[in-house]
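Peer 1: Sequence and predicted structure are below.
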Amino acid sequence: MPQGAVAHLWLELLAYAVGAQWYRWNLRRSPPGVASPNPLQRWSVIAGAVFGAAVGSKLLYVLQYLPALMVQPAVIWWSGKTIAGGLLGGLIGVEVAKRATGWRASTGDAFVAPLLAGMVIGRLGCQLAGLEDLTYGGVTSLPWGWDYGDGLRRHPVALYEVFGLLLLAAALHFGRVRFDARCGRSLLRAFMVGYLLLRLALDLLKPPHTPAAEGQLVPAFYGPLTAIQWACVAGLAYYLPSIGRWLKHDGR
């Protein structure tokens with residue numbers, strides 16, 4: 001296994017471990033009603049998040065590269081995943097689990113810091129994985145262009161995402177967005193809106209908008225957008241009422 005792939009694997013495992021431990025720590029610090037004393041509710045939400053994220057990340061990956069995957073062996077179908085699909089799938093899984101078990105309290109805020117930490121660590125692994133990870137950007141003449149092994153300098157999109165996530169974390173932590181439950185502001189909503197906007201912008205730097213590496217999977221377009229971009233648009237549309245309340249509140 002190439003060194004980049006080994007580094008990616010270890011960093012991905014570290015991301016899961018850090019995120020899970022941080023989430024457990026957040027639950028212990030949560031006010032009553034958030035960290036439910038009912039084990040069925042608590043484990044149902046965790047299971048919903050894990051199952052939804054797993055299904056969403058795989059499904060969106062397949063839709064993103066479907067025409068190219070049609071001529072690939074089955075192992076390629078199962079090897080890929082996407083963070084955007086994992087986030088949206090996990091969100092759906094949690095909401096389904098809460099409705100099924102009658103848990104009415106908000107649970108999302110406890111996920112935000114663990115997600116940010118895990119995603120930053122994971123994206124560093126993506127950057128080191130090389131062309132096989134499909135997170136590289138198009139060819140660029142900028143001085144920070146990254147040679148992933150094919151002799152071309154490309155946008156290091158995974159690193160851009162790391163910097164974007166760190167800026168988003170700082171904005172959430174230092175309160176550049178004021179959160180008010182009365183106008184529908186929650187940390188998770190703000191995180192999701194911020195990430196979906198970031199991802200929508202960064203995907204414009206990826207192939208096929210600019211040359212892809214030879215032999216690599218190329219995303220499919222469904223109309224003007226790829227599957228991941230459509231998923232980001234759908235997620236933003238879901239949060240549109242909250243965005244409207246935020247803007248209305250800030251305009252007073």
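Peer 2: Yep, it's here.
Peer 1: what stretches of the stretch 51-200 of the chain score poorly on pLDDT?
Peer 2: 107, 175-185 (pLDDT under 70).
Peer 1: now the helices for this structure?
Peer 2: 3-29, 39-64, 66-69, 74-79, 83-101, 109-129, 157-174, 187-202, 227-238, 240-250 (DSSP state H).
Peer 1: Export the last one to PDB, keeping only CA atoms.
Peer 2: Taking C-alpha atoms only, helix 240-250 is exported to PDB below (Å, rounded to 0.1, in the frame of the first residue of the first chain):
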ATOM      1  CA  LEU A 240     -33.600  28.200   4.000                       C
ATOM      2  CA  PRO A 241     -36.300  29.000   6.600                       C
ATOM      3  CA  SER A 242     -33.700  29.200   9.300                       C
ATOM      4  CA  ILE A 243     -31.500  31.400   7.100                       C
ATOM      5  CA  GLY A 244     -34.500  33.700   6.500                       C
ATOM      6  CA  ARG A 245     -35.100  34.000  10.300                       C
ATOM      7  CA  TRP A 246     -31.400  34.800  10.900                       C
ATOM      8  CA  LEU A 247     -31.400  37.500   8.300                       C
ATOM      9  CA  LYS A 248     -34.700  39.000   9.500                       C
ATOM     10  CA  HIS A 249     -33.400  38.900  13.100                       C
ATOM     11  CA  ASP A 250     -30.100  40.600  12.200                       C
END
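Peer 1: That helix to helix 187-202, inter-axis angle?
Peer 2: Interaxial angle, helix 240-250 versus helix 187-202 (axes from the mean of the first three to the mean of the last three C-alpha atoms, to 10 degrees): 110 degrees.
Peer 1: Does helix 240-250 pack against any helices or strands, and if so which?
Peer 2: Applying 3 or more C-beta pairs under 8 Å, 6 or more residues apart in numbering; DSSP states H and E, we find helix 240-250 packed against helix 187-202. Just so you know, the C-beta spots here come from the backbone N, C-alpha and C atoms, and that holds for glycine as well.
Peer 1: and if you look at the first one?
Peer 2: With contacts taken as 3+ C-beta pairs under 8 Å, 6+ apart, helix 3-29 sits against helix 109-129.
Peer 1: can you count the residues close to Leu128?
Peer 2: 19 (other C-beta atoms under 10 Å).
Peer 1: and the nearest residue to it once chain neighbours are set aside, how far is that from Leu202?
Peer 2: Nearest in space to Leu128, with sequence neighbours left out and distances taken as C-beta to C-beta, 6 or more residues apart in numbering, is Ala7 at 4.4 Å. Distance from Ala7 to Leu202, counting by C-beta to C-beta, to the nearest Å: 22 Å.
Peer 1: now do Ala47
Peer 2: In terms of C-beta to C-beta, Ala47 sits 31 Å off from Leu202.
Peer 1: In contact with the residue nearest to Leu59 when sequence neighbours are not counted, which residues?
Peer 2: The shortest distance from Leu59 to any non-neighbouring residue, by C-beta to C-beta, 6+ apart, is to Gly85 (6.2 Å). By C-beta atoms under 8 Å, 6 or more residues apart in numbering, Gly85 lies in contact with 56-61, 228, 231.
Peer 1: Please apply the same query to Val162.
Peer 2: Val162 neighbours (C-beta under 8 Å, 6+ apart): 120, 123-124, 127.
Peer 1: Need these in JSON lines (columns: neighbour count and distance to Leu247).
Peer 2: Shown next, in JSON lines, are the contacts of Val162 (neighbours: other C-beta atoms under 10 Å; distance: C-beta to C-beta, whole Å):
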{"residue": "Val120", "neighbour count": "19", "distance to Leu247": "28"}
{"residue": "Arg123", "neighbour count": "25", "distance to Leu247": "30"}
{"residue": "Leu124", "neighbour count": "20", "distance to Leu247": "34"}
{"residue": "Gln127", "neighbour count": "24", "distance to Leu247": "35"}
